[in-house]
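In: I'd like to go over a predicted model; first the sequence, then the structure.
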Amino acid sequence: MAYQIINLKDIYNELGENNTKELLKEFSCPINKDVEYFIKNRAIEFSKQDISRTYIVMSSYKQKNVIAGYFAITNKSTIIKKFILSKTKRKRLLRFANYDEDIKGYHIALPLIGQIGKNFYNNYNETITGDILLKFACNKIKEIQNAIGGRYVFLECEDSPKLVEFYESNGFVCFGKRNLEKDERETNKGDYLLQMLKDLSEYNNLSDAAYLRA
């Protein structure tokens, strides 16, 4: 399967905002309404304001180019508690973070995979696995870090055993949780999101799937 990864900014610059919104109407994610809400209502505006970058992953389905999924990345400050890290990881983290004795934790700005999800519209989700989509997101962040430095990435997810197992199987470890903001409660379950961290220093770029980058 060949994939094309396209910056949403390039899409609306070429097609115009209205046509891009029409294209994004063919995105459905019933298992995570926050993922669907973001791509349809916030992704373009966040891109315009340089708050985040959204990447659309295209694939072929029944001889038609379709949206298989997407991911959105940004940079965000967070706190990582000292006790969740091994001594070796603490030493590594100190190169990128400031330790706060009062909270026994590290203040650090990291790349955040803010949104990620497959497109269930017309079964387009069958064209890609969650593992591959997550690898595409990590590839993009690794590419940026190769240019400017850095080695860690984090994400936030609902406290679901299935989700936690999925991210842990892809090398992420839980380091804390963040209470939901008021405007997040309509599209997320529970009162908080788990925060999960991955060290990309020994991460190899995706090699088990062919893809094109636009």
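Out: Cool, the structure landed. The model shown is predicted, which means the values in this text are computed figures rather than measured ones.

In: From here on, just use CA atoms for contacts and neighbour counts.
Out: Will do.

In: Quick check: longest helix in this protein by residues?
Out: Longest helix in the chain, counting residues (DSSP state H): helix 130-148.

In: Pull out the buried residues from that helix.
Out: Buried residues in helix 130-148, counted by 16 or more other Cα atoms under 10 Å: 133, 134, 135, 136, 137, 138, 139, 140, 141, 142, 145.

In: And the furthest pair within these?
Out: Pairwise distances across the buried residues of helix 130-148 (Cα to Cα) peak at 18.7 Å, for the pair 133 and 145.

In: Name the residue closest to the centre of the chain, please.
Out: What sits nearest the mean C-alpha location of the chain, by Cα atoms, centre = their mean, is residue 113, with 2.6 Å.

In: Look up how far residue 165 lies from the nearest residue to that one once chain neighbours are set aside.
Out: Of all residues not flanking residue 113 in the chain, residue 73 sits nearest, at 4.6 Å (Cα to Cα, 6 or more residues apart in numbering). Residue 73 sits at a distance of 22 Å from residue 165 (criterion: Cα to Cα, to the nearest Å).

In: quick one, which of the two is more surrounded?
Out: residue 73 (23 against 12; other Cα atoms under 10 Å).

In: and the more buried one, backbone torsions?
Out: Residue 73 adopts backbone torsions of phi -130, psi 150, taken as degrees, to the nearest 10.

In: Great, nothing more from me.
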